[in-house]
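Chemist: This is the structure alone, sequence omitted:
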Ligand SMILES: [Mg+2]
């Protein structure tokens, strides 16, 4: 399928790590969990993020590997804190976010896709940032079932057929979902994973800064794009 200029496209935006910088929230929760197990020697934020970006699980980013109790409970502790408003307030919008969305919304259908448990706090956060007015739909999957993104996006595309379907996200799950659906994939490489890590999934494009997205979409104009695969 060829892209037709000024055609309305479905653009699926991951939220955390793509529109919103969650690095401070993640780091604070990581630290607070480790402290709660009496662990005092903790990596700096930079070292923590370098390891995350290379694909390391958060629970593995500890100096000593012998905290069995921590390993056992980490996922539970993480999930109870990760969407708490006390921590959500440390999130920030990536530079240029609102301008980019407002510009793209003129000619595209913008859909936010996220994996969160607490929908009320998600809407609270989107409202605080003024993000909700830019999207036509918010698709919320379960953070426990990371593959739930695929059927939800699939359903949306079938109902809302547009010129082109594009997914933008910062994790391997976002790119894998896009590949599975046969839609165009753009990897935001300023979020939770590095370019090197995401490159093994062979995304169609890399986005080094959110503000560069309109430029990338211009480049997409003349590209042939994958065929949507109904799943
Ligand atoms: Mg993300």
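Modeler: Looks like it came in fine. In this text, all values refer to a predicted model and were calculated from it rather than measured experimentally.

Chemist: if I look at the closest residue to the ion within the chain, how far off is residue 84?
Modeler: Ranking the residues of the chain by distance to the ion (Cβ to the ion) places residue 17 first, at 3.5 Å. Placement of C-beta: from N, CA and C, glycine included. Per Cβ to Cβ, to the nearest Å, residue 17 is found 18 Å from residue 84.

Chemist: Residue 18 now?
Modeler: The value you get for residue 18 to residue 84, if Cβ to Cβ is used, is 21 Å.

Chemist: Which one's more surrounded, these two?
Modeler: Taking neighbours as other Cβ atoms under 10 Å, residue 18 and residue 84 compare with residue 18 leading, 29 against 13.

Chemist: ok now do the more buried one, which residues does it touch?
Modeler: 94, 168-170, 174, 188, 191, 210 (Cβ atoms under 8 Å, 6 or more residues apart in numbering).

Chemist: Does it belong to a helix, a strand or coil?
Modeler: coil (DSSP: H, G, I helix; E, B strand; the rest coil).

Chemist: Over to residue 186?
Modeler: strand.

Chemist: Quick one, grab the pLDDT at it.
Modeler: Note on residue 186: pLDDT of 97.

Chemist: That one against residue 216, yeah?
Modeler: Yes: the criterion here is Cβ atoms under 8 Å, and residue 186 meets it with residue 216 at 6.3 Å.

Chemist: Overlap in contacts, those two.
Modeler: Contacts common to residue 186 and residue 216, judged by Cβ under 8 Å, 6+ apart, are 205, 207.

Chemist: The two: which has the busier surroundings?
Modeler: Using other Cβ under 10 Å as the criterion, residue 186 and residue 216 rank with residue 186 on top: 25 against 16.

Chemist: Name the strands paired with the top strand by length along the chain and say parallel or antiparallel.
Modeler: When the chain is parsed with DSSP state E, its longest strand is strand 108-115. Here strand 108-115 is paired, per DSSP bridges, with strand 9-14 (parallel), strand 137-141 (parallel).

Chemist: which residues in the protein form strands?
Modeler: Counting by DSSP E, the strands of the chain are 9-14, 20-21, 92-93, 108-115, 137-141, 165-169, 184-188, 205-207.

Chemist: Present these as CSV; the columns should include distance to residue 32.
Modeler: Below are the strands of the chain laid out as CSV (distance: least, Cβ to Cβ, whole Å):
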stretch, distance to residue 32
strand 9-14, 25
strand 20-21, 19
strand 92-93, 19
strand 108-115, 21
strand 137-141, 25
strand 165-169, 26
strand 184-188, 26
strand 205-207, 31
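
Chemist: got the ones you listed as a markdown table, with distance to the ion columns?
Modeler: What follows is the strands of the chain, written out as a markdown table (distance: least, Cβ to the ion, whole Å):
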| stretch | distance to the ion |
| --- | --- |
| strand 9-14 | 4 |
| strand 20-21 | 9 |
| strand 92-93 | 14 |
| strand 108-115 | 8 |
| strand 137-141 | 12 |
| strand 165-169 | 5 |
| strand 184-188 | 8 |
| strand 205-207 | 12 |
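
Chemist: For residue 37, find the nearest of the ones you listed.
Modeler: strand 108-115 (25.7 Å; Cβ to Cβ).

Chemist: List of residues touching that closest one?
Modeler: 8-16, 19, 101, 104, 122, 126, 131, 134-143, 146, 148-149, 152-153, 156, 160, 162, 167, 169, 173.

Chemist: Endpoints of stretch 54-67, how far apart?
Modeler: 22 Å (Cα to Cα, to the nearest Å).

Chemist: and the residue nearest the centre of the chain, bridged to which residues?
Modeler: The residue lying closest to the centre of the chain (Cα atoms, centre = their mean) is residue 14, at 3.8 Å. In this structure, residue 14 bridges to residue 113 when assessed by DSSP bridges.

Chemist: Right, I'll leave it there.
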